[in-house]
Structures are given as C-alpha cells and as structure tokens.
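A.B. asks: kindly generate the corresponding structure for this input.
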Amino acid sequence: MSAPGSPAAPSAATAEGSAEPAGATLDASQRAVLELPDGRSAAVLGAPGSGKTTTIVELVAERVLERGYPPESVVVLAASRTAATALRDVLALRLDVPTLGPLARTATSLAFEAVTASAKELGLQRPTLLTGGEQDAILSELIEGHLEEGTGPRWPEEFAPEVLRLRAFRTELREFGMRATEHGLDSTAVRALAIDADRGEWAAAAAVLDEFRDVVDWMAPETGTRLDAAEFAAFAAEAVRGGGGGERIAGLRLVVVDDMQEASESTVVLLRALAERGVSVIAFGDPDVATSAYRGAASDTLGRFASSIGVADALTLVLGRVHRHDAGLRALVAAATQRIGTAAAGRQRAVATEPDAEGAPEPVLVLHAPTPAREAATIARLLRERRLRDGVPWRRMAVVVRSGAAVQPLVKALAVAEVPTRSVLAGRALRDDHAARALLVLVGAAIGERPLDAELAAELLLGPFGGVDRLGLRRLRLALRAEELAAGGIRASNPLLVEALAAPGRFATIDSAPARQAERLALALDRVRRLHDENGSIEELLWSAWESSRVAASWRELSFGTGLTAAEANRNLDGVVALFSAARRFVERATGESAGGFVTEILEAEVPEDSLAPRSVEDAVLIGTPSSVVGLEFDVVVIARLQDGVWPNLRQRGSLLDPDGLVRAARGEGALPLDARKATLDDELRMFALAASRARRQLVLSAVAGDDETPSLFFRLSPPDAPRLDAASAVPLTLRGAVAGLRRTATTPGSPEAPAAIRALRALTLAEVAGADPSSWYGVLEPSTTEPLVDLDDPERPVSVSPSRLEAFEKSPLDWFVDAVSGSTTSTAMGVGTLVHWVLENAADPDAEALWSALESRWPELVFESPWLGERQRRTTRRLVEGLAEYLADFERAGSVVLGREQQFEIEVPPARVRGSIDRVERASDGSVTIVDLKTGRSTPRQADIADHAQLGSYQLAVASGAIEAAGSAAEGGAKLLFVARGVRGRLYREVEQPRFGEDELERLRERVRAAAAGMAAAEFSGLLDAVPFSPGDALRYRIHAVPEVSGDGLLRLDDPDAPDDDDEPAAADEEASP
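C.D. replies: Take a look at the predicted model:
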C-alpha cells in the first residue's frame, strides 16, 4: 500500500489513528484506474507514495457506490494480515454500507474460505491449517528417528547428523516442500528433477516430505485433514477451476491486489484460476520495493502481469505523481531504485513530485555514532524531540533495521530512554515468551505434567506469577528450615519448599511478604489441580491460573506507562493472549486431547505459531524490518544499524536445499543467473527503497562509525549536503534526564549555573516530578541519629568483639559496620566450611571414607543453583576431606591428643568483651599445648604476617586468661592455622604457626582489642583511605558509600538562602525540564 493522493485521503497508515473523511481528490492517473470498464483486468504500477492505496479505496467505492456492485462481489487482497486489517477499516469507513465479511483480507484467508466451502459442498470434513510449529515438531521426530535407527533417505555427505538436527534445516525443508507445492511438483517430479540436476539432497528431501505427509494423513482420523498454507492455495485454485469454492467465490466480480510485488507463486496461481472464471483482477504494486524474494515472490510478476494471470488483454497503467513526500525524499528513493533492474517494468520511476514545502524539516538527516549505545541514545533523543517539540505522535514514527535480530536490542535501548515501542516481528515461540512460558509451567506443575521438584519450585516462585525475588526466596528457605529444626527435623530447605507449594496452608506460619506470595502460588496450583481432576479443558486451566495470579490489573496499569517496565508489561500481556489463542485452537482441532498434551507441545515447539491473537495497541514507535512496514507510512522514519556488511548483505542467498534452484529446474531455466551478486544487491536496494519511502516528512540514516564497524555504502545515496546529527553526549529529553542534569549542576561546587538549577528543581518538586526533591536523594538527609552505637561510659554495656572480625574492622570500619547492621550473607562455600568443621569436631576415625560418609549424610542441606555446580562443589569438598583425613592420620601417628573441640570462651578486655570458639586444643607428645583453627579456603597469610594474626592472637589471649579449661593457663605450642584446601611439601594440608605469645605480645593484642572496641562503638565509620570509588581494583566492597553524593557530603537544600526567589525570571533549565 502507498500514500494517499491528497492530505485528506485515507491510508492504511492513518487508519491506525483517527478516521478520514469520505472521498479523496485524485490526480488524472488515479482517475484512469477508476474508469476501467467492467471485466477488464489491469496492472497498476506506482512509485512509493504515488497513491496506490487511495486509488484502491476509491476504486472499490466507485464499483460499489456508483456501479452498484454488491459489496461481497469485491475483495481486496493485501500482502499481510496487518495491512489487510488496516485496509479493511479504511474501506469500511469509506463505504459505510453493510458487508458480508471483510472487504480486505490475505490470499491465504481467501484460499482457506474456498477450500472449506468446497469441502462442505462435497460433504467432506472441514480441513484445518497445519501450523509451522506443528510441521517442525513432526519433522523433528522423523529426522531424529532416522538418525537413531539408521533408516531414512541417503543424504549427501555434507548433510551431517548435526546439520539434520538443526531447526534451521527443518525450516529449509518446510520451505522446500511449500515451494514444490506452489509450483505443482509432487514427490515423483522432484525426484526426476533431482536425477536430471544431480541433486541428491532433493531426492532425500522428497522422501522425508512423503513420510511427513503419511504421518499427517495417519493423524487425520483424530485431528481431521491438515493442510499447510501452500496446500490450501493449491486446493483453492483447483476448486475454483472446477466451479467450486462456495458462494463468495461464485459471486466475485473484482479482485483487487495490493502490493502485488509481494505475491508468492501460490497467490498468482489462485488469481489465475479466478481470472479463468471471468473475475477481473486489478493488481497494484511496484517491483522496486519487493521484499519477499526469499519466500519465492517474483519481482517481475507485475511487469509480466498479463501472462502471469493468463489474461491476454490485461492493461498496464502507471500512477504519475508522488503525493507522500516532497522532492528531497523522492530524490533519495529514486537514487536507490534507479540502480535496480526494471523487472520488466520501470515506467513507474518517471513520476512528478511536489517541491519541498517552505518551513518543512530537513528531509534527510545523517547520524554516525561512535558506539551502538550512543546510536540508540541519539535516535531516542531525536524521536522524543519530534514528539515533544513538533507534536508528532509516537505511532507516526518508525525505526527500520535490516535484520530481525536487531529489533529487540533496539526496543530495549529505546525503552530505557522512555520511548514507547512496539514491534510486529513474529520472532519467537511461545515457550520463549517469559509470561506465556511461566503460565504454562504453572499449569504443567499443577497437573503433574512436570514433576514439582526443587528446581521447578524455585522457577515458579521467581517467575512473574510467583513474584518472589532471590532474596525473598532465600529468606523463605531459611524460615522453612528454621521451622524444621525447631520441630526436631533434619530435612534441607529444598524438599521443604516443594512440600509447602504442594500443600496450601504450609506457609501460613511464616509472617513475611515472600511467604504470603508463595501461599498465593500454592493456592493457584491447588485450584488448577482440582479443576484438572474435574476434566477441565486447557483453556479453563490456564484461565484459573491467570485469575489466581492477580497480576492482570498491575500489568495493565504498567503497560500504559513508558520505559522498560511498560515494555515488559506489554510483552507479557501479548504473550498471555497468544497463549490463550493457542489453547483455543488446540481445543478446537484436538478434541479429546489432554491438557498435558498441550503443555508438552508448546514447551517443545521451537517454531513460532502463526497466531491471530490480538496484540496490545498503544501510541508507540514501530520497530521492525522492511517487510513489517509494507503498506504503511510514517511522518518520521529512522533506518538504523545501516552498517557495511549488514545492509547491503551481499552474501549469496543460496541454501542447503536451494528451493529456488528447484523452481528454476522445473521451469527449464538452468543454473543461477549470470550475475547472482547483482541480483542480491537489487534485493537489498529494494528493501532499502521500501524502508526509505515510508517517510512522509523526514528520513534519518543512522549507523555506527567506529574502529570495528563502518557505515554502509548506502549512505552515498543521501544528499551530499544532508545535515549530520550530533551523537555527542547530551541530556535526554526526558524528565528523568532533565532532573539528573539539574542535580549534577546543582551539586557541582562553584558552578555558576547552580542557582538556576536549584530554581528549576524547586519547580519540578512542586510538580511532584520523581527525583527532583532532594529529600528523596541518597545521602542528603540528616543522620537519623548521631549517638554512638555503644556508650563507652556504661560499664553494663561492653562492646562485643569477635576474634574472626577484628582484622576486618581494622582494615575497613565501613565494611565491618555494613556487614554488622545488614546481617552477614551466606554462600555455598560457607555452607561447605560449616560441614567440614562439623566433621572435624565429630571425627573419631581418620579414615577418609569414614569422614566423607559422615559429611555426605548432611550434604542435602546444601542448595545449589544447578546440578553441575553441585557436582563440582562435591569434588572440591572431597579434596578438603582428604586433606583433613591426612592431617588427622599424621596427628594420630605422632601420638598427639585432642584436649578440646569447639571450645567456647568469653573474656573481658574493657571496654570490650571478646567472644569466640576454638576449633581444637591439641597436646603434642612432648606435652606442649597448641590452639588449632581450621580453614577451608585457599588463601593463606604470609609467614611474616602471622605474628600479628588477630584471630589466633585472640585465642592465645583467651588461653592466657584461663578461659579455655582444656588448655590450662598457657599454650606452649602457640597457635596455628590448618589449611586443607591445598598442601605443601607433598602433603594434602598446610600448617601456618603463630609462636607462643609472651606478656608483651598479649598486651599489644589487648590494645588492639581496646582500640577496635572504641571504633566499633562510634557513630561514624570510614572506609579505606586509599580506595578509589568505583575502581574495580580496590578492596572496598561497599564503595558506593564512599561517593560524596551518597554519603551525604555537600547537602543541597532548595530553600538555600543564595538561591533566587520564586519571583525571579525562570531559568532556561526550567524550560528544558518542563516537557
């Protein structure tokens, strides 16, 4: 479809917005189309923007309203459902008469109606569409069976098993079969062509497709007759030639085809059959903007229209004026199309156009950005500028990229910049949609299709319908484990979590938000389970799970916003709607099939379903590929990621199975064209021309120009004097960006713009703009208290000092404080360390197997994110146990004795109270006593530093103070660290010894304890003096607190006495922030 003939004319693009008034002002070439006599077929060539869509609408209106055609005798065929829907709405507004069904549809839709009507006339079962996902699943099973059993056809050597298992190969196989069907080639004909062309892969493909059809036919008694899109078109053409097809086909007088250059061979065959029955065919299009060559569409169909549809007297008309855009944009589009082969046409290129309007924006802009991130940021700023300053609605702007793989990254980047986006890319299977998969998994777990284990329980809780984050899940596990231990049980958190989800009410004893969310999920699982037991359909099960989740209202509210959250909410809603549509189709076509069958089918399907499910409609920028903007127009179009090697992509379109080669062989055309590279460049230019020609007012060509990427040669098509956009860093045109810039200025010492920034922030605060009020900023509020943690003058409140944390405080008081007030974190390594310490405490036999058996008895208490991590940790832990066993064996052989295990102690060193636990107190054969501290980590201190080791020193101080009864009053052997992660000098363990402390060393340690206690009791805590904020190389873990803007240095107040009064002249910053 193309542009209107005048500003008042309707178009598919404007149909997304408000209704247009009836009628349009047509030029002479458009009126010539309307004046065609009844029964005359014609091809109407028109450059992009020459008013093809407007002419179609007025042609249908003239035939119905002026010549008296019944509305059902006219049908318009569009290239896609999106275009058909938009055109249908415009036609309905223009005609304003009752119609029996839609006036605009796709060729596949018309073929489906003809085949089902013929089946009814013949008393046969109504056939249904075999979706791409279903075809892929069947082919996957067939190929896998061939490979496992050593059966199936003989493939050439390059078709290795790894290739045959690829989804991409199955996609080629389906395309190969559909192309053969379109051209009337059965398996016998394909095998004959394979022999003539010496193409063994064609013969093998024919054999697989024969087996595929046998499987589909075998399933027919249960599923009914199943046909793919190409088969529907072939059967429809056959029915039409035989005089069937139903009442609608019998009553047709005129078929109008929009974007005929996108028509596949199956569409051409159907049109030829209709023409043979006397139906007029008037086809509109432009070979210069064809985008479906890879699907078998022939760009010369319009140029050879008479022979294509078999009507010798068909006329060729040309629309002579471009109405969509002015001369500047037309020149760029023409520069692209003039480099393309004419495809048996070409007269449509010589068109008149309007001169550039006075005061209009620059028609073409060029953007070269240093990085993809900067490119996306600059595009976002441009789009927001057009929206805020020029009043262009979001839906009237589009961003086009060459490849579908570039769509989602750009969608996310623009969402971050608060640009609402939408895409029509049929990108992924339902199993890959976050919300759809989560809902499906929930139902599958409830009905037992997927066993509810610990991994699945965590997936459900962390998913969108569980609503628990990882921290909440950890707290939930700890709470369940605590209840288990309190009841005298020993089960780990994993089985407890599974049990609680399977039995509603189990979380009721835990008073926390994660527990309440988990209980809601447990109730949802129970409701679905009960409904399934009552033979509920998959639709009913999904609806029960959806209602129980209670997320519909919140997602809907979020979807009306902007940014990543709104984009995610829209994707989630679209995914859920698509899942319900898939379930409805499943119920309709698979009567008697279990709900579990649907769950398995969707979770295993790799190919997206061709869904008619409605998608969320919002005022948003369209992000898509050239094929997604066929038939649409926009005020502003950005062609992004226009990179060398990406667009144009001159890689030959050849494939393993080469369906185009099959078609050429069937036509007797032989090998590839002489200049295949030129044909590929023509296809790339067509897609570029299509994308560029969608713009009405402005086109932006954008690329990354850096060390690794260079702009495309297509930039040479832009005017030499085209203005360049500045990709340098700039404050984005968002409230968030404006607030951030003002905050930075307001808090910069000595900034002359600070008063104006403060004034602007004051205005934004009064308008309740998020982030503008300094009271909401981190670090700027007054401290909640300046009192010390502990009053050192109160003898009844000593400062608790842990030997293991003494050095941590000395190194960074800030880190120590944050850990102390936020609660220590646990890790798998810490859990393993706890188990190894337990083994040492209870070891009665130094045998490694005995020790390992003891540890394994408690191994289920550990939780791992994945099985392979658990296995890796098991091997590592086994090495620790072996090191421990060797130490204990050596200890026993030396005649040493254990005096005490896990010796708790508490000593007073005013103002401190030192509390700790010693792993072992040992006495050697010579009678000397040694303190032992077990370490399971790999990091060992230097021998030069061991004399000052605070933890060992604290243990020696405890012994000297008489707090360790088993050690007596002195540890003659001093203290040592026992490392079992790695050894030294051929042993599996390593000992690092601290000599016995004398009174001088003990006193120095007491001073360290007193100094640490005084620091721990303070009101302020500093980090490392030499730590550089945000530097990954320093040791300050909580470096964020060292940033002045966070820690509170330099408090900003909007009532600053130096700030201007409200009555002063508003600053420019206020205006920048006001949008």
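
A.B. asks: and stretch 403-417, what's buried?
C.D. replies: Neighbour counts over stretch 403-417 (16 or more other Cβ atoms under 10 Å) mark Ala406, Val407, Leu410, Val411, Ala413, Leu414, Ala415, Val416, Ala417 as buried. Every residue, glycine included, has its C-beta placed from N, CA and C.

A.B. asks: take those and lay them out in JSON lines including secondary structure, distance to Ala334 and pLDDT.
C.D. replies: Below are these laid out as JSON lines (DSSP: H, G, I helix; E, B strand; the rest coil; distance: Cβ to Cβ, whole Å; pLDDT from 0 to 100):
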{"residue": "Ala406", "secondary structure": "helix", "distance to Ala334": "27", "pLDDT": "88"}
{"residue": "Val407", "secondary structure": "helix", "distance to Ala334": "28", "pLDDT": "88"}
{"residue": "Leu410", "secondary structure": "helix", "distance to Ala334": "28", "pLDDT": "90"}
{"residue": "Val411", "secondary structure": "helix", "distance to Ala334": "31", "pLDDT": "87"}
{"residue": "Ala413", "secondary structure": "helix", "distance to Ala334": "32", "pLDDT": "87"}
{"residue": "Leu414", "secondary structure": "helix", "distance to Ala334": "30", "pLDDT": "88"}
{"residue": "Ala415", "secondary structure": "helix", "distance to Ala334": "35", "pLDDT": "83"}
{"residue": "Val416", "secondary structure": "helix", "distance to Ala334": "37", "pLDDT": "81"}
{"residue": "Ala417", "secondary structure": "coil", "distance to Ala334": "33", "pLDDT": "82"}
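
A.B. asks: of these, closest to His949?
C.D. replies: Val416 (48.6 Å; Cβ to Cβ).

A.B. asks: check contacts around the closest residue to that closest one other than its chain neighbours.
C.D. replies: Nearest residue to Val416, sequence neighbours excluded (Cβ to Cβ, 6 or more residues apart in numbering): Leu564, at 6.0 Å. Leu564 makes contacts with Lys412, Ala415, Val416, as judged by Cβ atoms under 8 Å, 6 or more residues apart in numbering.

A.B. asks: check the offset of the host helix or strand of Leu473 from the chain's centre.
C.D. replies: Per DSSP states H and E: Leu473 is located in helix 470-486. Here the centre of helix 470-486 is set off from its chain's centre by 31 Å, with Cα atoms, centre = their mean, to the nearest Å.

A.B. asks: check stretch 713-725 too.
C.D. replies: Taking Cα atoms, centre = their mean, one finds stretch 713-725 lying 33 Å from the centre of the chain it belongs to.

A.B. asks: and for stretch 898-905?
C.D. replies: 55 Å.

A.B. asks: can I get it in CSV, CA atoms only?
C.D. replies: Below are the C-alpha coordinates for stretch 898-905, written out as CSV (Å, rounded to 0.1, in the frame of the first residue of the first chain):
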residue,chain,number,x,y,z
VAL,A,898,42.9,-33.7,71.5
LEU,A,899,42.1,-31.8,74.7
GLY,A,900,39.1,-30.0,73.5
ARG,A,901,36.8,-29.4,70.4
GLU,A,902,34.7,-26.3,69.7
GLN,A,903,35.8,-24.6,72.9
GLN,A,904,33.6,-21.6,73.6
PHE,A,905,35.1,-18.7,75.5
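
A.B. asks: so what touches that stretch?
C.D. replies: 840-841, 914-923, 929, 958, 963-967.

A.B. asks: just stretch 983-999 next, same as before
C.D. replies: 879, 882-884, 886-887, 890, 940-941, 943, 946-947, 949, 952-953, 956-957, 960, 970-980, 982, 1005.

A.B. asks: after the helix or strand harbouring Phe580, next one along is what?
C.D. replies: Assigned by DSSP H and E, Phe580 belongs to helix 564-589. Later in the chain than helix 564-589, the nearest helix or strand by DSSP H and E is helix 595-604.

A.B. asks: what packs against the following helix or strand past the helix holding Leu473?
C.D. replies: Going down the chain from helix 470-486, the next helix or strand is helix 493-502, by DSSP H and E. Applying 3 or more Cβ pairs under 8 Å, 6 or more residues apart in numbering; DSSP states H and E, one finds that helix 493-502 makes contact with helix 454-462, helix 470-486, helix 513-533.

A.B. asks: nearest to Arg651, of those helices?
C.D. replies: The nearest among the helices and strands packed on helix 493-502, by Cβ to Cβ, is helix 454-462 at 39.3 Å.

A.B. asks: hmm, back to that, hmm, which of the contacts of stretch 983-999 are the buried ones?
C.D. replies: The neighbour-count criterion (16+ other Cβ under 10 Å) marks 882-884, 886-887, 941, 946, 949, 952-953, 956-957, 960, 971, 973-980, 1005 among the contacts of stretch 983-999 as buried.

A.B. asks: just the mean pLDDT for the strand or helix carrying Thr82, thanks.
C.D. replies: Assigned by DSSP H and E, Thr82 falls within helix 81-95. On average, the pLDDT along helix 81-95 is 86.

A.B. asks: give the buried residues for it.
C.D. replies: Result for helix 81-95 [16+ other Cβ under 10 Å]: buried residues 81-92, 94-95.

A.B. asks: and if you look at stretch 572-592?
C.D. replies: 572-583, 585-587, 589-590.

A.B. asks: and the strands in the stretch 901-1050 of the chain, which stretches?
C.D. replies: Secondary structure of the stretch 901-1050 of the chain by DSSP state E, counting those that start in this stretch: the strands cover 912-923, 929-935, 975-979, 990-994.

A.B. asks: what residue ranges in the stretch 1-150 of the chain are flagged as low confidence?
C.D. replies: 1-24 (pLDDT under 70).

A.B. asks: no, scratch that, I was asking about the stretch 951-1075 of the chain
C.D. replies: The model of the stretch 951-1075 of the chain has pLDDT under 70 over residues 969-970, 1024-1040, 1042-1075.

A.B. asks: hmm, try it at 50
C.D. replies: 1025-1034, 1050-1051, 1056-1075 (pLDDT under 50).

A.B. asks: what about the helices in it?
C.D. replies: Assigned by DSSP state H, counting those that start in this stretch, the helices in the stretch 951-1075 of the chain fall at 999-1016, 1044-1047, 1068-1073.

A.B. asks: isn't Glu276 right up against Gly310?
C.D. replies: Yes - using Cβ atoms under 8 Å, Glu276 makes contact with Gly310 at a distance of 6.6 Å.

A.B. asks: which residue is nearest the centroid of the chain?
C.D. replies: Gln408 (6.7 Å; Cα atoms, centre = their mean).

A.B. asks: pretty sure it sits in a helix.
C.D. replies: Yes - per DSSP: H, G, I helix; E, B strand; the rest coil, Gln408 lies within a helix segment.
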